[in-house]
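> Got a predicted structure plus its sequence, pasted below:
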Amino acid sequence: ILFNSRKLAGCTLFITGASRGIGKAIALKAARDGANVVIAAKTAQAHPKLPGTIYTAAEEIEAAGGKALPCVVDVRDEKQIGDAVEQAVQKFGGIDILVNNASAINLTGTLETSMKKVDLMIGINLRGTYLTSKLCIPHLRKSKNPHILNLSPPLNLNPIWFKNHTAYTMAKYGMSMCVLGMAEEFRGSIAVNALWPKTAIQTAAMEMLGGSDVGNKCRKPEIIADAAYSMLTKPKTYTGNFVIDEDLLKQEGIKDFDIYAVAPGHPLLPDFFLDEEPESLIKQLKDHDAPPTQTEAAGKGPIVETFNLIQGVLTPDVVKSTQGVYKFDLSGEHAGTWYIDLKNDSGSAGSGEPPVKADVVMSMDSEDFVKMFAGKLKPTMAFMSGKLKIKGDMSLAIKMEKMMGMLKSKL
């Protein structure tokens, strides 16, 4: 762990999305120095699925030794940001550091992404970052060592990072383009940098994308907090950098990265936008996720056998807890259309179109389908690498993992 140097004592940080996850971890790291933290986030009342509010985060910041100012802020709302900035200046006398952490994610293709979701991602990620920066800059200029830090990736133009989620990539890269432009525009007066994790980080957003067991393949938000702390304590001449957390912490002398792992020793999921070929991500996790003994069902109609086993685990309880109809468009050696109905009666599964309209349509190669249901290929990995395309309700797609867990022992 990177030790605190007290360099942020008395500094004021304005952090968007600081009520949970990475934003809160950065806030707590600064609080241990005795910093002032403006928690600019939307959650004022407890959310049924997400942990924490701006007020619970404020309590934790005060307990860690900092001073907190919780502000209800939707970064798409110019007045709310403006009001929070004014409150920060009134309470703490200025703003020294801005951390643009608030972000929205939706990993769907062009035809599957509603304009409401496109507007949300561009509104929060790109416009929100630009707007919050614009309103903080006049105050940052008065600071002795001002910094803007955006939680955004290096600008990697490999098309593989665009093809499955163009809208998300455009929105996220908008944050990185703010770094590229503003670092040059304010060179000499404000440091502007980007920070991105080498691996997936355990956050509520990651669990919503990858299911509850994805945590074992993640690192804790504290690794980002330590890297951010290293960057924010550097002089303002340190600017225009696109930093990967692990690379920077190695330079800081950290050798044991298991301290940041949720499950030390477990293979880690590399993050988006770094040129690990997605195909290699599958290989990295394959050994860990494969059952100890596995007999290949080739030549016996593996899809038919898989669906026979699926029918065997369907129960009213599974139907009640899932409430979704799944359609599978399979290509490759055993191409065809199949369905699993986990919404009606006691459930059903078989070949052909589902009896009612599907809530989720999954498209993939038949060989990968068999691997996925046998536990050899995690749905998260299949999706991230483009092997699995999902149309429809993403939350239902995640629920499918539960059934796969039930089948794993039988396949």
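Looks like it arrived, so ask away. Numbering: from 1, shown residues only.

> residues touching Asp359, list them.
Neighbour list for Asp359: Gly324, Val325, Tyr326, Lys343, Gly392, Asp393, Leu396 [criterion: Cβ atoms under 8 Å, 6 or more residues apart in numbering]. Every residue, glycine included, has its C-beta placed from N, CA and C.

> For Pro355, see how far away the fourth one is.
In this view, Lys343 and Pro355 are 10 Å apart by Cβ to Cβ, to the nearest Å.

> Please identify which of those two sits among more neighbours.
Higher neighbour count among Lys343 and Pro355: Lys343, with 20 against 13, using other Cβ atoms under 10 Å.

> Can you classify Ile390 by secondary structure?
What DSSP: H, G, I helix; E, B strand; the rest coil gives for Ile390 is strand.

> burial of it, as a residue count?
Residues near Ile390, counting by other Cβ under 10 Å: 23.

> How about Glu185?
When neighbours are counted by other Cβ under 10 Å, Glu185 comes out with 12.

> Tell me the confidence at it?
If you check Glu185, the pLDDT there is 98.

> All further residue positions should be reported with the first residue as 734.
Right, with 734 as the first residue, what we last looked at is Glu918.

> give me the low-pLDDT residue ranges for the stretch 834-983 of the chain?
941-946 (pLDDT under 70).

> For it, which segments are assigned as strands?
Listed in chain order, the strands of the stretch 834-983 of the chain (DSSP state E, counting those that start in this stretch) span 880-884, 924-929, 975-977.

> Pull the distance from the shortest one to the chain's centre.
Same thing as strand 975-977. Computed by Cα atoms, centre = their mean, to the nearest Å, the chain-centroid distance of strand 975-977 equals 17 Å.

> and what of stretch 1118-1134?
Distance, centroid of stretch 1118-1134 to centroid of chain: 16 Å (Cα atoms, centre = their mean).

> so how far does that stretch reach from one end to the other?
17 Å (Cα to Cα, to the nearest Å).

> Any buried residues in that stretch, and which?
For stretch 1118-1134, the buried set under the neighbour-count rule, 16 or more other Cβ atoms under 10 Å, comprises 1118, 1120-1125, 1127, 1129-1134.

> pull the CA atoms of the longest helix belonging to the chain into CSV?
The longest helix of the chain (DSSP state H) is helix 899-918. In CSV, the C-alpha atoms belonging to helix 899-918 read as follows (Å, rounded to 0.1, in the frame of the first residue of the first chain):
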residue,chain,number,x,y,z
THR,A,899,-19.2,2.2,-30.0
ALA,A,900,-21.4,4.6,-27.9
TYR,A,901,-19.6,3.8,-24.6
THR,A,902,-16.2,4.0,-26.2
MET,A,903,-17.0,7.4,-27.8
ALA,A,904,-18.3,8.7,-24.4
LYS,A,905,-15.3,7.4,-22.4
TYR,A,906,-12.8,8.6,-25.0
GLY,A,907,-14.4,12.0,-24.7
MET,A,908,-13.1,12.1,-21.1
SER,A,909,-9.6,11.3,-22.4
MET,A,910,-9.8,13.9,-25.1
CYS,A,911,-10.5,16.5,-22.4
VAL,A,912,-7.2,15.5,-20.9
LEU,A,913,-5.4,15.7,-24.3
GLY,A,914,-6.8,19.2,-25.0
MET,A,915,-6.9,20.8,-21.5
ALA,A,916,-3.4,19.6,-20.5
GLU,A,917,-2.0,21.6,-23.4
GLU,A,918,-4.4,24.5,-23.0
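
> What are the contacting residues of it?
In contact with helix 899-918 (Cβ under 8 Å, 6+ apart) are residues 833, 836-843, 846, 850-851, 854-855, 857-860, 862-863, 866, 881, 883-888, 894-895, 923-927, 972-973, 975, 1006.

> For the buried ones among those residues, write the corresponding PyMOL selection.
Those of those that count as buried under 16+ other Cβ under 10 Å are selected in PyMOL with:
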select buried, resi 833+836+837+838+839+840+841+846+850+851+854+855+857+858+859+860+862+863+866+881+883+884+885+886+887+894+923+924+925+926+927+972+975+1006
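
> which secondary structure elements does the helix or strand hosting Ala1115 contact?
Using DSSP states H and E, Ala1115 sits within helix 1112-1117. Secondary-structure packing of helix 1112-1117 (3 or more Cβ pairs under 8 Å, 6 or more residues apart in numbering; DSSP states H and E): helix 1011-1022, helix 1099-1106, helix 1127-1141.

> Please compute how far stretch 1056-1073 lies from its chain's middle.
For stretch 1056-1073, the distance to the chain centre is 28 Å (Cα atoms, centre = their mean).

> circling back to that earlier point, flag every buried residue along the longest helix of the chain.
Quick answer for helix 899-918 (16+ other Cβ under 10 Å): 899-912, 915-916.

> how much does it deviate in direction from strand 924-929?
150 degrees (axes from the mean of the first three to the mean of the last three Cα atoms, to 10 degrees).

> tilt between helix 899-918 and strand 880-884?
Going by the same axes, to 10 degrees, helix 899-918 makes 160 degrees with strand 880-884.
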